[in-house]
Structures are given as structure tokens and as C-alpha cells.
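**Student:** Give the three-dimensional model of this entry:
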Amino acid sequence: MDTVNDSLHILVVEDELVTAAYIKKLLKDLKYSVAASFASGEAALEFLTTHSVDVVLMDIVLDGELDGIDTARIITEKYDIPVIYLTSFSDEQKINRATFTEPYGYILKPVNERELHANIRMTMHKSAMERQIRQNEARFKSIIEYSPLAVVTCNSNYVYNFANDNFVKLFKPGPDNCLEGNSILPIICPFPDQQEKLLAIMSREGVIRGFSATALDFEGNELDICLSGSLINNGTDGIEFFIEDMTERIRVESIARQTEAKFSALFNTPSLSYVLIDRFCRIQAYNQNAFGLIQDLYGIALVHETTLSSCFPGIQSTCEENLFGKIHSTHLTLERQVIDKKNTERWFELTFSAVPNRLAVPDEFAVAIKEITDKKRLEAHQQEYIVRLELQQQKLEEQSAQLHLLNEKLQLSEADLKELNFNKDKFFSIIAQDLRTPFQTLIGFTEYILEDFEKLPPETIKSIASQVNKSIKHVFGLLDNLLMWAKLQTDKIEFSPERVVLYDLIQKQVHTLASMSEQKMLQLQFDIPRDIILMLDTALFSSVISNLLSNAIKFTPRGGYIRISYQLTAVGHQIIVTDNGIGMTTEQQDMLFKIQESVLRNGTELENGTGLGLILTKQFVELHGGSINVLSHPNNGSTFTVILPLTSGYIPLHTTQTRQQ
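**Tutor:** Next comes the predicted model:
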């Protein structure tokens, strides 16, 4: 890359000496060659009269009569050197003026090395591409301009765009005949029937070859022409027509049909290659040009009875199908490709014309042979150019689609981030409120004890201590759950599934919570097969069962019942916790597992909760690849169902054991 940079000569135009020196240092660090540095536009223009550079770094604001924008415009128009603006100026009017000079880039001061290097490389690439496009356009225009045929282009509505000199010579438009803004159809195809046929073919096929028509030049003379045309870039860039003046040929053929003498004179015209063939394509006569043409093609002498199909393969069957033996077929034009003695591809147009006789079916045909190799090469070049343009367009569309998709992904990511931040903020506000209440209780009780300790009876102190103990346990439970939730969010929690007997795990949690259920005289049932083995993380799934049972105990009134059971279904292993407690509304169920929503409620005997138990339960279940749902109605109990995937374990064929506590 250093070698490439060294070959680039860069001119710096900057009136601030310190900035100019800094830019020159950056360029040298990047291995670029600094051609010169000037503080004014006049000095830079004077330098360019005797030196050449590859890129100009131009400050927009310069001292002197010429500012950076005027200087850049002159450099672009006169020397075709790409200009990159250096500016710290934000005046919209200045920026608009600068835009009209079509700069290759803008670099905001202070200049940094990466931006400077990127702008220079992109500028050189873009400049090279534009020069290549201009060269291709110039070559294409040159080919059109010097084509032996009359060439005219128009837009999709057949309004004139361009014509070469041969077109002007053929149709002779005078000073008062303006082609600009007018349709070319009244010129090249003025008669309604021919015009309708031309439009139909172009509309249907998008291309026309060898279309015979009668045209009118601007002096009112009729011209017999042969039209070939095609859409440019599928019609988006208009239509091009190649027009051959057939007037003279048709006139000569007409004369040939009228008299044998005139036909003979035409046949021996030195400017055309003619052969006379019979219905079997055997050559009966030929002129000197035809003799020379065959000798030039194949290095053989043309003799009587030589078949034309041996010189131009494939024409025999085509002529038999479309011309020979046909009463009303008197003309046929074919194009054929041949390989000459130098192994070069050459194209020829063969025009067959029936020689009139007294019979209904002609038995002789005059064949005019015209080389159209240059025309075919031009058409191929045009087609190749069109294909390249289409590929470039396709590439641009693909890049645009990729950018659009990337933009959509960025917008989705931004929306997700906003939602996460909102949920986090709301969650912490809920936690702050939940922590504040028990601490206020602790502060109040301790202040009360400190102020009246000696006056308080033991029973009151014991009651206060009990309340303080409950508050501390509540805060400890909240902080423990909060710590567990934080580990989940940072992926620091350890998940270690192992083979676990489901009955034993649930029985342990039932025993742990037995005292809580007994205090409220609840009937706690579990209906779990003894030999179901699942792949579970013992600690995490024990927390799931504990949270579900604690929740059921909290919201089930004294004397109620709680049941935990198991079912194997097509969707997976189901652990079901059912109670006949106070239930929930639909709105409360919708907010139950959402971190950003507060659904704290006291139990039937004013038991407190942390607000995180069910949220952690849901995430622990999801770590096992499962899901959890709830079905509840106010005053009609709740049912929580944990569903684990079938791949988590199996169920042996044993009798279900039911136990009540």
C-alpha cells in the first residue's frame, strides 16, 4: 500500500500555516507525496499550469479574490482533478455553493489521519471509475458517429435524442427543421400502416430487424429504408435505430424486374456482390465482386453450379421453407455467420429477389450479398455495454437492500434497548419501595425500644422483637431473591442438571413448608409417582417448588387445601400446583411474571412477599427448557402448571402413590 501511496501526488491549498503543516505531516506519515502547499487559490492555479497532481485538498475559505469554492470549480473544469474540501465552516450557503462544484469529499477540521486516508482512497477509486465511464461513453459515441448506417436514438415515446451525420445526410433536415423535442416516427415511418406495424413489433419484442419502410426526408422525397432497432437498457434509456437507405437497391431491383437488359446491367454493378441461383441454390451466374468475395473468404474460385449453401451454410432449408416454390414469396433476407480462411468470424446479409418470368412460380433468384460484420460487432458491443449497466444496477440494488436490512436491525435493537432500560428503571423503583417499607418499620421499632426500654414490659418487647424478626426475614428474602435475579441477568448462575427422583425432591419441600401449612390448618396433598426420574438442577428446581407452594399457602385461607400433582402429556412432563385460595383477576395474571410490573399483595393473614419469587420461578423453569402458566379466578383458587420437555426424563410403569399431610 505504501508504494501505491507514494505514486499519488497531492496538492494542499490551506491559508492557515499551522493547519497546512499538520496536514502535510499526516500525508507524509501516510506515505503520500505532497506536490506543493499554497495559501491562495491563485498560487495553486499558477502551479497547476506546469505541474500535474492526483488530488487537491482545498480549504473552502481562502484569502484573495478566489475562495476555495471558485478555485475548485476552475480546477475541476480545466484540469479534471478531483477535489476534497477541508472546512470548519458551517454556513449553509457556502456548503450549497461547494456542492455545485461536485467535490469528491468533505473533511472537517481538525483533520484526523484515518478520515484523511479514507477520503483520499475513496476519491481515487471514484475518480478512476468516472474516467473509465467517460472513456466508454466516448468510444460508444465514436462508434455510432462513424457508423456507415444512419443512426438515431429516441426516448421510449419516440421523441428525438441523437442522430449521427449519416442520418442528417440521409434525411437532410434544414435550419428550420428542429429535431429536438419532436417525434422521429413521422420521419422514419410516416405512413400509418407501416408505423402501426413498427410500433406493434417494438411493443411485443423490444427489437426489430430488417424492417422495410418508406420514409420521407425533410425535402419531401420518399426513401425506401431498412430499419433495425432495439431497446437501450430494457427501454429505460430509450430506443436506438439503425437505418439503411434501401432506395437505390429497390430502384435497381425494380429496373431488373422490368427488363432483362436492365437486370443484366444491375447484376454487373461493380459496388455490389451478386449471384444468380436456381431453386436448388446452384449458382448460375455471378459478378466480379461475388467472385472476389468468395475467393477472399475461402481462397477458392467461384465456378458455375457451385451451391450457395456451401458458401453460406444453412440457407438451403430456409429458402425452401420461405421462398422456393412459393407463389407470393418474392423476397427474403437472411443473415449468416461464416468462418473465413483466416479463422475469422464474419457476418453477411443475403437478400434474395425472385426474377420475374412467365411462370407463376419463380425459378431464378438474384442474391445480393452484403458484409455486415461491423454492424454485428457494434450490436454485440452495445449489448455487452447494456449487460454491464444492468449488472451495475443490480449490484447497487443489492447494496441498497442490505443497507435497508441493516437499518431495520439497528432500529429493532434500539427499540429493545429502550424497553430493557425502561423495565430496569421501573424494576429498581419497585425494589426501592419494597426495601424502604421494612426498614422504616425496623427504624420505628428500634427507636421506640430505645426511648422507652425501661418502661416496656417483656411481652411488648417480645412482640416488637417478633415484628422486627419478620421484617428482617422479609428483607433478607428480598435481597436473596434480588441477588439470584442479578446472577440470572449476568449469566453467572450455575446450572447443573442431574438425574433426580421427582417424588423425593417435592416431598422434601413439602416437609420444609409443613409448619407454615399447619399454622393455617391447610390440607397439603401431593400426587406424584415415586419413580419418575427427570434431569433437573436440584437447587433451582427445589426453589421452583418452594416458591409455588409458599405462594399457594400465602393466598389460601385457613382450612383450605393445596394439591401438587404430576401428569405426562404429549407436550411434556407437567407438575401442577392447585389451591382453593383467593385467586386473581385477569389483569393480575397478565402482570404476574413481568419484572417491570408490581403485583405485591398480602396473604390471607397479611403475609408479606418479596415480589421476585414467581419471576425467578419462571426463569428457573426456562433454564430447564420448560414453561409455566397460570389459570385463576377471583375467590376460586389458582392453578400453576410447570411444563418440562419430554426429553427431560421418563416415567416408569409403577402405581401412583398418593399421600396426604
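**Student:** show me what contacts Arg251?
**Tutor:** Arg251 makes contact with Asp224, according to Cβ atoms under 8 Å, 6 or more residues apart in numbering. Quick note: C-beta positions are derived from backbone N, CA and C, even for glycine.
**Student:** what about it, helix or strand, and which?
**Tutor:** Taking DSSP states H and E as the definition, one finds Arg251 inside helix 247-258.
**Student:** could you give the mean pLDDT of that helix?
**Tutor:** Within the predicted structure, the mean pLDDT of helix 247-258 is 71.
**Student:** residue ranges of the helices in the stretch 251-400 of the chain, please?
**Tutor:** According to DSSP state H, counting those that start in this stretch, the stretch 251-400 of the chain carries its helices in the segments 260-267, 288-298, 308-311, 315-322, 373-452.
**Student:** can you check the stretch 451-600 of the chain too?
**Tutor:** Per DSSP H, counting those that start in this stretch, the stretch 451-600 of the chain carries helices over the ranges 458-489, 502-512, 514-519, 538-554, 586-590.
**Student:** For the fourth one, which residues meet the burial criterion?
**Tutor:** What it means is helix 538-554. Of the residues in helix 538-554, those scored as buried under the neighbour-count criterion (16 or more other Cβ atoms under 10 Å) are 540-554.
**Student:** Between these, which sits nearest Ser627?
**Tutor:** In terms of Cβ to Cβ, no member of those lies closer to Ser627 than Val544, at 12.1 Å.
**Student:** Look up how far Lys618 lies from that closest one.
**Tutor:** Summarising the geometry, the distance separating Val544 from Lys618, computed by Cβ to Cβ, to the nearest Å, is 9 Å.
**Student:** confidence score at the residue nearest the centre of the chain?
**Tutor:** With distances taken as Cα atoms, centre = their mean, Ala401 lies nearest the centre of the chain, 1.8 Å away. According to the model's per-residue confidence, Ala401 sits at a pLDDT of 90.
**Student:** who's in contact with Val577?
**Tutor:** Under the criterion of Cβ under 8 Å, 6+ apart, the contact partners of Val577 comprise 548-549, 552, 562-564, 639-641.
**Student:** Return the closest of those with respect to Arg601.
**Tutor:** Comparing the contacts of Val577 against Arg601 with Cβ to Cβ picks out Ala552 as the nearest, at 13.5 Å.
**Student:** residues touching the closest one, list them.
**Tutor:** Taking Cβ under 8 Å, 6+ apart as the test, what Ala552 contacts is 562, 577-579, 581, 638, 640.
**Student:** Distance-wise, check it relative to Leu185.
**Tutor:** Noted for Ala552: a distance of 88 Å to Leu185, by Cβ to Cβ.
**Student:** sorry, back to before: lowest mean pLDDT across the helices of the stretch 251-400 of the chain, which one is that?
**Tutor:** What stands lowest among the helices of the stretch 251-400 of the chain, in mean pLDDT terms, is helix 260-267, with a mean of 57.
**Student:** now the strands for the stretch 101-250 of the chain?
**Tutor:** Taking DSSP state E, counting those that start in this stretch as the criterion, the stretch 101-250 of the chain contains strands spanning 105-108, 150-154, 160-163, 207-216, 222-231, 239-245.
**Student:** Now do the same for the second one: mean pLDDT, whole number.
**Tutor:** When pLDDT is averaged along strand 150-154, the result is 89.
**Student:** Contacts for stretch 501-518 next, please.
**Tutor:** Judged by Cβ under 8 Å, 6+ apart, the contacts made with stretch 501-518 from elsewhere in the structure are 524, 526, 528-534, 536, 538, 541-542, 545-546, 549-550, 553, 562, 564, 566, 575, 649, 657, 661.
**Student:** where does the stretch 51-200 of the chain have low pLDDT?
**Tutor:** Applying pLDDT under 70 to the predicted model, the residue ranges of the stretch 51-200 of the chain that meet it are 89-93, 140-146, 175-177.
**Student:** and if we set it to 90?
**Tutor:** Under the criterion pLDDT under 90, the flagged ranges of the stretch 51-200 of the chain are 58-73, 75-80, 85-154, 156, 161-191.
**Student:** quick one, helices of it?
**Tutor:** So, for the stretch 51-200 of the chain - with DSSP H, counting those that start in this stretch - the helices run 68-79, 92-100, 113-145, 165-171, 185-188, 192-205.
**Student:** With distance to Ser33 added, can I get the ones you listed in TSV?
**Tutor:** Rendered in TSV, the data for the helices of the stretch 51-200 of the chain read as follows (distance: least, Cβ to Cβ, whole Å):
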stretch	distance to Ser33
helix 68-79	18
helix 92-100	26
helix 113-145	12
helix 165-171	45
helix 185-188	56
helix 192-205	55
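**Student:** Tell me which of those helices lies nearest to Phe47.
**Tutor:** Between Phe47 and these, the tightest spacing by Cβ to Cβ is seen for helix 68-79, at 10.6 Å.
**Student:** and that closest one, C-alpha only, in PDB?
**Tutor:** Taking C-alpha atoms only, helix 68-79 is exported to PDB below (Å, rounded to 0.1, in the frame of the first residue of the first chain):
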ATOM      1  CA  GLY A  68     -11.700  27.700  -2.200                       C
ATOM      2  CA  ILE A  69     -15.000  27.000  -4.000                       C
ATOM      3  CA  ASP A  70     -14.100  29.200  -7.000                       C
ATOM      4  CA  THR A  71     -10.700  27.700  -7.200                       C
ATOM      5  CA  ALA A  72     -12.100  24.100  -7.000                       C
ATOM      6  CA  ARG A  73     -14.500  24.900  -9.800                       C
ATOM      7  CA  ILE A  74     -11.700  26.100 -12.100                       C
ATOM      8  CA  ILE A  75      -9.500  23.100 -11.300                       C
ATOM      9  CA  THR A  76     -12.300  20.700 -12.000                       C
ATOM     10  CA  GLU A  77     -13.400  22.300 -15.300                       C
ATOM     11  CA  LYS A  78      -9.900  23.000 -16.600                       C
ATOM     12  CA  TYR A  79      -7.700  20.100 -15.300                       C
END
